[in-house]
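Colleague: Return a 3D structure for these sequence lines:
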Amino acid sequence: MKQGKKNSESVFTEKIETVELDSVVVEKNGTELLHDIDLKLEKGKKYLLVGANGCGKSTLLKVLNRNIREKDGVVKINGKICSDFL
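Modeller: Got it, this is the predicted structure:
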């Protein structure tokens, strides 16, 4: 493992069944990128994310994979708040 890199193992060890966003807000440099997003993704289902350039698709994906953190709201995995184990 290279120095300065985080361990790739997650503290979360359960199989992921659901990922939920509840009233998620993302802000960068004082600009709101996502506002009040509610979303529930379930294992085994397929989803399509479409929209115009700059509408927040990539930002939403970054929140889901925890590359960026929400300013407000809650991200849950299997009903558990992510900040409880990440």
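
Colleague: residue contacts, residue 14?
Modeller: Residues near residue 14 by C-beta atoms under 8 Å, 6 or more residues apart in numbering: 77, 78. Quick note: C-beta positions are derived from backbone N, CA and C, even for glycine.

Colleague: Shouldn't it be within a helix?
Modeller: No: per DSSP: H, G, I helix; E, B strand; the rest coil, residue 14 lies outside any helix segment and is coil.

Colleague: Find me the pLDDT at it, would you?
Modeller: On the pLDDT scale, residue 14 is placed at 81.

Colleague: got it, and residue 27?
Modeller: 96.

Colleague: Kindly report the same for residue 63.
Modeller: Note for residue 63: predicted pLDDT of 94.

Colleague: That one and residue 41: what is the separation?
Modeller: Distance of residue 63 to residue 41, computed by C-beta to C-beta, to the nearest Å: 12 Å.

Colleague: Please say which of those two ends up with more neighbours.
Modeller: More crowded of residue 63 and residue 41, by other C-beta atoms under 10 Å: residue 63, with 24 against 13.

Colleague: Can you classify the more buried one by secondary structure?
Modeller: Put simply, residue 63 is helix when judged by three-state DSSP.

Colleague: need the contact list for it.
Modeller: Counting by C-beta under 8 Å, 6+ apart, residue 63 has contacts 21, 24, 26, 34, 37, 69, 70, 75.

Colleague: one more time with 10 Å, if that's ok
Modeller: By C-beta atoms under 10 Å, 6 or more residues apart in numbering, the contact set of residue 63 is 21, 24-26, 33-34, 37, 39, 56, 69-70, 73, 75, 82.

Colleague: again, but for residue 79
Modeller: Contact analysis of residue 79 by C-beta under 10 Å, 6+ apart lists 17, 18, 20.

Colleague: where does the last one fall, phi/psi-wise?
Modeller: With angles defined as degrees, to the nearest 10, residue 20 shows backbone torsions of phi -130, psi 140.
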